[in-house]
Structures are given as C-alpha cells and as structure tokens.
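Chemist: quick one, structure for this:
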Amino acid sequence: MSYNEIAVVGAGIVGICTATYLAESGQRVVLFDRSGVCEETSSGNAAALAFSDVLPLVQKGMMRNLPKWLRDPLGPLSIPPAYLPKIAPWLWRFWRASSDAHFEASLSAQTSLMSVAEREWLALIDRSGTRAMLNEHGSLDLYESQAEFEGELPGWEAKARYGIDFRHMDMEEVEKIQPGLAKSFVRATFVPGWMNVSDPKIFSKAIYAYAERTGLIRFEKGIVSDIIPGVEGASVRLQDGASEDFKSVVLCAGAWSRKLAARLGDRIPLETERGYNTTLPPGAFNVRCQLIFPAHGFVITPLSTGLRIGGAVELGGLERAPNYARSRAMVEKAKRFLPGLKAENGREWMGYRPSLPDSLPVIGKSTASASVFYAFGHGHLGLTQAAGTGALVRDLVLGRRPPIPLDPFSPQRF
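Modeler: Prediction:
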C-alpha cells in the first residue's frame, strides 16, 4: 500500500485543481486519465469563470419551454427519441427540481459554492502566475424582444437577492460595450463580474504545469476500470490489468464517473449533456466580451486562439455519434446576430458535460470507504467551480473542516 500517495482519477480541470491543491499541501499525487491532461471536455468549454451563474438549470418557467425546444432537433435542448426511455428517470428528477423548495435550496447551495470558487480561483491564478490569461470584460445577455427580457427578470431578481451585480441596458448603452450587433436586439443585461480565460485548454495546462513544479505530481495514462476499497486506503485498477494502491482516491472523471461510483455502491443519477461548438479563426469578429443568447442556449466567447460559438444541450449519453449539425446551426444564428461575421474555416468540437438533475455537483465521501472521495457532476460549471472544488476536496481528504456546509453536495442525497 502506497500510504504516501493519493490518486486522482480524471485529468480534466476539476481533477487538475484537486491534484494541485493536494500537492500544494505537501501530498504526493498520481493523476490518472485515459487521454492526457486537459485533453477532453475541459479543453473545449466556453472559457467562462461564471461566478454569477447560480441559477439551477431547471429555472422557473423552463419546463414550459421544453415541448417547444424538443420539437426542434437543432434547438437549445435536444433528446434523441431513441434515448428518451433511458433518460426518463433523470428527467423526472429534473422536473422535480423545478419546485419552489428545490429551486431555492439549489440556488442557496450554488451561491455558497460560487463564493468559494471565486475566492480560490483568484488566489490560485495569482499563485500560478496565470493572471495574464484572465479577461475581466464582463458578459452581455441579449434579448430580441421586450417579452423575452421580461421573462428573464425573475432569474435576475433571484440573483439580486444573493448580491450579484448586473445592469439592465438599452441598446444605445450596449453599443458602447459591443458594437456591431444585429438590430434585432432590444435589451441586454451586463454582468461586470463575469470573467473568461484566454483559452481553457492552454489555461488548464498552465495550472497543471504550476502543480508539477511542486515535484509532488506524476501523471499516468490509462483507463481506470475499478476503484477497490481496502481495509486501509484503496486500489486503482486499470483496464490493462495493472493495479496500484493508495492511501486515498478522488474520483473526478466527469461524465465517466457514474459507472465507477456505482461499483462503489453509490447510484448517482449522472447524465451526459453533449455540448457542441465551433471555433473560428482569430479576426472572425471583434467580440469584446462574452455574448450570451438565453433564448437560443448558446454563447460566443473571444479567445486568444479564435472565436468560440457553442453551447446548447443534447441529452444523448456517451455512445452516440456526434451530430455536428448542432454546431453548424449555432454558427448560422451567430451570422445573423453578428452581421459581417467571418464564419469560414471553423473547427467543430463536441464534449460531455457531467450533469445532475438538481444542477449541483457531487462533493463528498463514497459509501464504500472513507478513503474514496467524489468530485464530479458540475454540468456547465466545471471550469468555474474547479478551484473551489479542489480546495473543498483537499479539506475532506486531510480531515479539515470545509468553509461551507457540504450536505447539499452529498453523494448520498439521491
């Protein structure tokens, strides 16, 4: 048993931050991943540190839009018909989360986690020397009608109750922040505290490079097929038959965490949101801050490496082939919203967001062993909440008291 080492399973941004916080605390860490460091879902996200994005995915009124959205196979939310029977239990839990009591509980818990996430990210960015990769230009939510704007007001009012800063604007004010938008927009909401990183893959690898400089992290490439608790510690078994023993194991494998958790006795209703995007070459359009289109379910992000157009939700699991028509549909809308957009030579991409029906991640101990911990299920907020999650998991592993209650994030809450 390697009592002097901790295994972190999954090298996306949540796993990277978890390993970083453990290494900073003097722990020796082995980071496992089937592909590499930040090579899958974390590499292609919208680059947002969205600390103001505290509303549960199943916002009040969202359920009313589901029938309309589901009729459009390229719209904001899609479920392949053949996948509906499999996802039905998850959808039932998702619907239940729309009740007032569940909504308020999720909102409160999400806000508490965001407060930790913001504090920890800003500190980690300074420690790692990556401040130059942080853009603090805010974001714009754009509305094509007064009715659409008014439909979003309850969400903004909920955010206001938790002290989130925003400002509703007319289009004359918006033009000063983001020139060149289509004339179809009538109102917008500006969030000054919204942040983005210059490129999520480059940024995440820079955080890992900082952690490597501690001399306490090593990476092993391989598919983890099982986590086996022992009398003390736990073993990580790889698909090729190799096995290593550790004093603790942290499962951060995103959408692939469900099966491993189930083998440990925790049946967690983790579903896969397949997110699509297209990254256009630099110079495609002078976008000055992140642009959000709530009625259409996608965003446009200026990166150092190009212009990323992506989002929407396809609940379709891990095995179906990508449907890149969804990426192209968002680009077509972007051309309408940004007249003059150069939409040629884009790179299409799809990633797997690990999502739970109440929009809260799982952060806590497994049922099977006090030596096995979970940190997954962050949905759209993996990058945003990664540093906060890493700090909370470090506290759990080292037996410290976390700064916020973790009951809302318990793996056993389901």
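Chemist: got any ranges where the chain has weak pLDDT?
Modeler: For the chain, the stretches flagged by pLDDT under 70 are 1-3, 60-66.
Chemist: show me the helices in it, by range?
Modeler: 13-24, 62-70, 84-96, 100-128, 146-161, 171-177, 200-212, 257-263, 325-337, 382-397 (DSSP state H).
Chemist: mind putting these into TSV with mean neighbour count and distance to residue 239?
Modeler: Every C-beta, even on glycine, is put in place using the N, C-alpha and C of the backbone. TSV is the format used below for the helices of the chain (neighbours: other C-beta atoms under 10 Å; distance: least, C-beta to C-beta, whole Å):
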stretch	mean neighbour count	distance to residue 239
helix 13-24	28	18
helix 62-70	14	36
helix 84-96	14	24
helix 100-128	18	32
helix 146-161	14	43
helix 171-177	13	50
helix 200-212	21	23
helix 257-263	18	12
helix 325-337	18	31
helix 382-397	26	24
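Chemist: want to throw those into a markdown table with distance to residue 405?
Modeler: Listed next are the helices of the chain as a markdown table, based on distance: least, C-beta to C-beta, whole Å:
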| stretch | distance to residue 405 |
| --- | --- |
| helix 13-24 | 19 |
| helix 62-70 | 27 |
| helix 84-96 | 22 |
| helix 100-128 | 7 |
| helix 146-161 | 19 |
| helix 171-177 | 38 |
| helix 200-212 | 27 |
| helix 257-263 | 22 |
| helix 325-337 | 38 |
| helix 382-397 | 11 |
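Chemist: of all those helices, which lies closest to residue 366?
Modeler: Closest to residue 366 of those is helix 257-263 (C-beta to C-beta; 7.1 Å).
Chemist: burial count for residue 311?
Modeler: 22 (other C-beta atoms under 10 Å).
Chemist: specify the beta-bridge partners of it.
Modeler: residue 276, residue 298 (DSSP bridges).
Chemist: how about the contacts made by it?
Modeler: With contacts defined as C-beta atoms under 8 Å, 6 or more residues apart in numbering, residue 311 is in contact with 46, 76, 275, 276, 277, 297, 298, 299, 330.
Chemist: before we move on, what about residue 32?
Modeler: By C-beta under 8 Å, 6+ apart, the contact list for residue 32 reads 7, 8, 9, 10, 11, 219, 220, 221, 222, 224, 236, 238.
Chemist: now do residue 168
Modeler: Taking C-beta under 8 Å, 6+ apart as the test, what residue 168 contacts is 149, 156, 187, 188, 189.
Chemist: try it again at 7 Å.
Modeler: 187, 189 (C-beta atoms under 7 Å, 6 or more residues apart in numbering).
Chemist: ok, the one 5 residues further on next?
Modeler: The contact partners of residue 173, by C-beta under 7 Å, 6+ apart, come to none.
Chemist: pull stretch 172-190 out as CSV, backbone CA atoms only.
Modeler: Once non-C-alpha atoms are left out, stretch 172-190 reads as follows in CSV (Å, rounded to 0.1, in the frame of the first residue of the first chain):
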residue,chain,number,x,y,z
GLU,A,172,-27.6,52.6,-27.1
GLU,A,173,-25.6,51.6,-23.9
VAL,A,174,-24.9,48.2,-25.3
GLU,A,175,-23.3,49.7,-28.4
LYS,A,176,-20.6,51.2,-26.3
ILE,A,177,-19.6,47.8,-24.9
GLN,A,178,-20.2,45.7,-28.0
PRO,A,179,-20.5,47.5,-31.4
GLY,A,180,-21.8,45.7,-34.5
LEU,A,181,-24.7,43.6,-33.1
ALA,A,182,-27.8,42.9,-35.2
LYS,A,183,-30.6,45.5,-34.9
SER,A,184,-33.0,42.7,-33.8
PHE,A,185,-31.8,43.0,-30.2
VAL,A,186,-33.9,45.4,-28.0
ARG,A,187,-32.5,45.0,-24.5
ALA,A,188,-29.5,43.4,-22.7
THR,A,189,-28.1,42.7,-19.2
PHE,A,190,-24.5,43.4,-18.5
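Chemist: now residue 217: how far from residue 144?
Modeler: When distance is defined by C-beta to C-beta, to the nearest Å, residue 217 is 48 Å away from residue 144.
Chemist: between these two, which is the more surrounded one?
Modeler: residue 217 (21 against 16).
Chemist: now that one, which residues is it bridged with?
Modeler: residue 29.
Chemist: wait, it sits on residue 210?
Modeler: No - taking C-beta atoms under 7 Å as the definition, residue 217 is not a contact partner of residue 210, at 10.1 Å.
Chemist: returning to that earlier point: mind checking which of the contacts of residue 311 are buried?
Modeler: 46, 76, 275, 276, 277, 297, 298, 299, 330 (16 or more other C-beta atoms under 10 Å).
Chemist: give the contact list for the nearest residue to the second one once chain neighbours are set aside.
Modeler: Closest residue in space to residue 76, ignoring its immediate chain neighbours: residue 297 at 2.8 Å, by C-beta to C-beta, 6 or more residues apart in numbering. Residue 297 makes contact with 76, 77, 311, 312, 313 under the criterion C-beta under 7 Å, 6+ apart.
Chemist: what does the residue nearest to the fourth one when sequence neighbours are not counted show for phi and psi?
Modeler: Beyond its immediate neighbours in the sequence, the residue positioned closest to residue 312 (C-beta to C-beta, 6+ apart) is residue 297, lying 4.6 Å away. In terms of degrees, to the nearest 10, the main-chain angles of residue 297 are phi 70, psi 30.
Chemist: how far away is residue 297 from residue 57?
Modeler: 11 Å.
Chemist: ok, residue 314 next?
Modeler: For residue 314, the distance to residue 57 equals 14 Å [C-beta to C-beta].
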